[in-house]
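A.B. asks: based on what follows, work out the 3D shape:
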Amino acid sequence: MTLRKFVLNATLLATAALSAGAALAQAKEQFFPLLSYRTGAYGPNGTPWANGKQDYIKLINARDGGINGVKLTFEECETGYATDRGVECYERLKSRPGVTLIDPQSTGITFALTDKAQADKIPLLTLGYGLSVAQDGMAFRYNFPLMGSYWTGADILLQHIAKKEGGWDKLRGKKIAHVYHDSPFGKEPIPLLQEREKMHGFQLSLIPVTAPGVEQKAAWLQVRQQRPDYVLLWGWGVMNSTALKEAQATGYPRDKIYGVWWAGAEPDAKDVGEGAKGYNALALNGYGTQPKVIQEILKNVHGKGQGTGPKDEVGSVLYTRGVIIQMLSIEAVRRAQERFGKGKVMTPEQVRWGLENLALDQKRLDALGFNEVMRPLSTSCADHMGSTWARVHIWDGSKWGQMSEWYQADEQIIKPMVKAGAEKYLSDKKLTRRTTQDCQS
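C.D. replies: Presented below is the predicted three-dimensional model:
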């Protein structure tokens with residue numbers, strides 16, 4: 001063999017070895033596309049949510065070395081809460097090696113991606129948002145509205161108000177105004193509210209607010225004219241603080257306003273301060289720096305200078321929700337590995353199986369450090385929600401304080417609505433329900 005051929009062969013072998021090594025390294029990475037919005041009217045709320053997700057990924061890599069040896073990677077894609085940009089992010093990131101699932105971080109983007117995800121066989125994790133009918137996993141194979149939907153949230157708010165009044169019968173003749181973000185997000189709870197209106201005889205009025213919600217004088221003029229007994233606030237971002245300021249300006253009692261869980265975080269009330277005192281909102285999750293998982297993040301991520309955002313936001317409401325979302329994503333991968341191979345990178349289809357076979361009892365949540373953060377959650381092929389519990393907390397003028405007991409949404413009312421909506425979706429799309437055999441795949 002000539003020297004030239006020897007060198008050439010050696011080079012080729014080295015290149016092949018490097019390529020094989022690169023492929024092996026790449027194969028050991030589970031990739032999480034992180035759609036986010038840190039800019040615009042929704043940035044103050046979207047930022048801590050996004051930071052919580054990143055920090056939990058960093059925690060699992062730093063403390064555990066990933067999932068059974070599989071390193072976790074991610075890339076953020078800024079959507080600005082715009083549906084078209086969200087779709088662009090999805091299309092750009094969906095084919096990355098090791099892609100896991102998509103958290104659209106927007107109901108509008110979820111609506112736009114549902115059919116695409118079905119075709120691409122990529123799960124959509126929409127914790128506390130998205131399509132309420134997607135709870136039916138036999139119709140929506142790839143949608144996972146974990147921990148609650150806008151139907152469960154609206155039902156829990158009405159349960160709380162009814163209890164405050166002394167029973168459902170005491171709502172008859174009462175006026176309830178739904179002040180909502182005029183988008184799929186704000187419109188989603190309306191069918192449940194209308195169903196409860198028929199059942200209990202209260203008068204529901206619908207007051208839309210044009211996005212992003214910085215101008216609400218016309219809406220609160222309607223509130224002042226109608227003088228409702230209660231206002232439900234279905235806002236996001238700057239819309240929430242603006243609504244509380246307008247309520248203060250018009251003299252509407254803040255303790256008669258009840259917000260969804262996306263209107264119950266620190267950015268929603270801190271700028272209003274004492275002017276928002278008494279305001280109520282749903283609490284989908286616990287928060288604060290006491291939970292073990294938050295202490296672990298402070299120690300292993302922020303303590304080593306690797307935190308994504310400011311240290312003082314760690315443990316806030318939306319930051320903690322981001323941590324929960326990422327934990328559930330990672331636990332879905334871990335669950336999938338139990339069936340398809342520990343230490344292997346899971347495909348989106350395998351992660352889909354993991355998502356609909358989650359079984360997080362209190363013992364497991366405690367082990368993960370999520371004590372007092374969330375309720376146990378258990379999904380199935382038929383139930384892609386897994387938990388329908390929430391509480392109500394109250395703004396005391398400077399922080400979120402007094403917390404109610406846990407409420408569970410009334411499934412006797414919601415499940416028939418979910419089934420009817422799912423059947424309509426299947427009919428419209430010319431699809432059929434999944435079979436029991438499909439649930440095993």
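A.B. asks: point out where this structure drops to low pLDDT.
C.D. replies: Applying pLDDT under 70 to the chain flags the ranges 1-27.
A.B. asks: so the most centrally placed residue in it is in which element?
C.D. replies: With distances taken as Cα atoms, centre = their mean, Leu127 lies nearest the centre of the chain, 2.8 Å away. Under DSSP states H and E, no helix or strand contains Leu127.
A.B. asks: quick check: it touching Leu146?
C.D. replies: Yes. Using Cβ atoms under 8 Å, Leu127 is in contact with Leu146, at 4.7 Å. All C-beta spots, glycine's among them, are computed from the backbone N, C-alpha and C.
A.B. asks: can you show me the strands along the stretch 251-400 of the chain?
C.D. replies: Secondary structure of the stretch 251-400 of the chain by DSSP state E, counting those that start in this stretch: the strands cover 257-259, 280-283, 359-360, 377-378, 389-395, 400-403.
A.B. asks: need these in CSV with mean neighbour count and distance to Gly303, can you?
C.D. replies: Listed next are these as CSV, based on neighbours: other Cβ atoms under 10 Å; distance: least, Cβ to Cβ, whole Å:
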stretch, mean neighbour count, distance to Gly303
strand 257-259, 26, 34
strand 280-283, 24, 28
strand 359-360, 18, 27
strand 377-378, 16, 29
strand 389-395, 23, 29
strand 400-403, 14, 26
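A.B. asks: who wins for proximity to Ala62 among the ones you listed?
C.D. replies: Between Ala62 and the strands of the stretch 251-400 of the chain, the shortest gap by Cβ to Cβ is with strand 359-360, which sits at 22.3 Å.
A.B. asks: list the contacts of stretch 392-410.
C.D. replies: 148, 151-153, 155-157, 159-160, 254-255, 258, 264, 266, 269-270, 273-274, 276-283, 287, 317, 375, 388-391 (Cβ atoms under 8 Å, 6 or more residues apart in numbering).
A.B. asks: ends of it, how far apart?
C.D. replies: 16 Å (Cα to Cα, to the nearest Å).
A.B. asks: again with stretch 287-302
C.D. replies: 17 Å.
A.B. asks: just the residues contacting it, thanks.
C.D. replies: 55-56, 58-59, 62-63, 307, 311, 314-317, 319-320, 323, 327, 368-373, 400.
A.B. asks: just how off-centre is that stretch within its chain?
C.D. replies: 20 Å (Cα atoms, centre = their mean, to the nearest Å).
A.B. asks: not counting its neighbours along the chain, what's nearest Asp169?
C.D. replies: Leaving aside its sequence neighbours, Asp169 sits nearest to His200 (Cβ to Cβ, 6 or more residues apart in numbering; 7.6 Å).
A.B. asks: tell me how this structure divides into domains.
C.D. replies: Annotated domains of the chain cover 28-148+287-388+419-439, 151-283 [automatic domain parsing].
A.B. asks: hang on, the earlier thing: as JSON lines, the strands of the stretch 251-400 of the chain with distance to Pro212 would be great.
C.D. replies: Formatted as JSON lines, the strands of the stretch 251-400 of the chain follow (distance: least, Cβ to Cβ, whole Å):
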{"stretch": "strand 257-259", "distance to Pro212": "16"}
{"stretch": "strand 280-283", "distance to Pro212": "19"}
{"stretch": "strand 359-360", "distance to Pro212": "35"}
{"stretch": "strand 377-378", "distance to Pro212": "32"}
{"stretch": "strand 389-395", "distance to Pro212": "21"}
{"stretch": "strand 400-403", "distance to Pro212": "23"}
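A.B. asks: now the end-to-end length of stretch 211-221.
C.D. replies: Across stretch 211-221, first to last residue, Cα to Cα, it's 18 Å.
A.B. asks: list the buried residues in stretch 290-304.
C.D. replies: Of the residues in stretch 290-304, Pro291, Val293, Ile294, Glu296, Ile297, Leu298, Asn300, Val301, His302 count as buried by neighbour count, 16 or more other Cβ atoms under 10 Å.
A.B. asks: same check on stretch 156-176?
C.D. replies: Neighbour-count burial for stretch 156-176 flags Ile156, Leu157, Leu158, Gln159, His160, Ile161, Ala162, Glu165, Trp168, Leu171, Lys174, Ile176 (criterion: 16+ other Cβ under 10 Å).
A.B. asks: all set now, cheers.
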